[in-house]
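> next comes the sequence, and after it the predicted model I'd like to discuss.
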Amino acid sequence: MTTVAVLADPPVEGFVLPELAAGPLDESEATALYTAMLGDVCRAVEASGAELLVNYRPGEQVPDGVDPEAAVREPLDDALQNPGEARYEVQVGSTFAGRIGNTVTHLLDREGVATVAAVKPTAALLARQQIDSAAMKLRSSDVVLGPSTDGRVYYAGFADPIDFEDAYTTPAVETLVDRAADADHGVDFLPTNPVVETPADLRTVVPLLRARVRTGRVVPPRTTKVLDELGLRVRDADGDPTLVRE
């Protein structure tokens with residue numbers, strides 16, 4: 001069984017999705033979207049054959065007065081089918097790559113977990129089938145990556161550690177492959193999936209989700225509901241796709 005660590009920030013206003021909170025969304029809307037995506041991603045992990053580990057930020061890395069574990073647990077208690085079975089642990093490290101590296105290395109080397117994956121809560125379109133497919137790939141490859149747009153990754157799975165220092169340097173997918181190659185690790189890939197962190201990401205995801213809804217395909221329910229309630233659409237503006245509200 002793969003342990004999937006979801007690197008979760010407390011969904012509080014002014015702390016999550018800063019590029020979206022600066023426009024086209026406000027801080028409240030960005031927080032609602034982040035909360036929805038966190039719920040959808042964790043529910044997808046729960047529905048798969050993986051063990052869900054929610055990695056939350058330490059208190060010194062969040063706004064004053066915020067209990068990071070409680071802030072993450074509250075929405076997940078509603079999103080998960082069996083919230084009591086989810087595992088919660090504080091992240092250790094000052095950088096994103098360092099926090100992932102500490103989690104992966106601890107689980108592989110000290111707890112004897114066979115395979116570990118790190119996932120972003122912003123990977124709203126991550127589905128149970130992809131998580132299970134990655135677990136199968138990790139049986140024959142040391143590293144499995146889920147590429148996203150702009151060289152980012154939404155999923156990084158490991159059967160053996162790599163050198164994680166600055167391993168998520170842009171473009172993360174290339175940097176992680178370089179680190180895997182340095183360790184003589186075999187690498188496999190999942191299909192490309194968008195994450196939702198920037199206005200450009202919204203221009204990709206909004207029409208994709210609307211198309212899936214129209215054709216009766218599976219969509220992340222909480223994320224889709226929030227985006228629909230916000231009235232977001234992509235329209236042509238002098239030949240350029242533009243995000244609007246209708």
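Perfect, thanks for sending it.
> all strands of the protein, in order?
Across the chain, reading from the start of the chain, the strands by DSSP state E fall at 2-8, 51-56, 87-90, 115-119, 143-147, 153-158, 187-189, 232-237, 240-245.
> dump those into CSV; add mean pLDDT and mean neighbour count as well.
Every C-beta, even on glycine, is put in place using the N, C-alpha and C of the backbone. Shown next, in CSV, are those (pLDDT from 0 to 100; neighbours: other Cβ atoms under 10 Å):
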stretch, mean pLDDT, mean neighbour count
strand 2-8, 98, 24
strand 51-56, 98, 22
strand 87-90, 97, 13
strand 115-119, 98, 26
strand 143-147, 98, 24
strand 153-158, 98, 26
strand 187-189, 98, 16
strand 232-237, 94, 14
strand 240-245, 92, 12
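> need these in CSV (columns: distance to Gly23).
Conversion of the strands of the chain to CSV gives the following (distance: least, Cβ to Cβ, whole Å):
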stretch, distance to Gly23
strand 2-8, 24
strand 51-56, 28
strand 87-90, 32
strand 115-119, 27
strand 143-147, 27
strand 153-158, 23
strand 187-189, 33
strand 232-237, 13
strand 240-245, 10
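> which of these sits closest to Thr198?
The closest of the strands of the chain to Thr198 is strand 240-245. By Cβ to Cβ, the value is 11.0 Å.
> correct me, but Asn55 touches Val4?
No: counting by Cβ atoms under 8 Å, Asn55 sits too far from Val4 to count as a contact (10.1 Å).
> anything in contact with each of those two?
Taking Cβ atoms under 8 Å, 6 or more residues apart in numbering as the contact criterion, Asn55 and Val4 have no common neighbours.
> quick one: the helices in the protein, in order.
Read by DSSP state H, the chain holds these helices, from start to end of the chain: 18-21, 27-47, 68-79, 96-105, 128-137, 172-182, 199-214, 221-229.
> Pro241: what's it in contact with?
So Pro241 contacts Arg203, Val234, Arg235 (Cβ under 8 Å, 6+ apart).
> separation between the residue nearest the centre of the chain and Val213?
Among the residues of the chain, the one closest to the centroid is Lys120, at 1.8 Å (Cα atoms, centre = their mean). With distances taken as Cβ to Cβ, to the nearest Å, Lys120 is found 23 Å from Val213.
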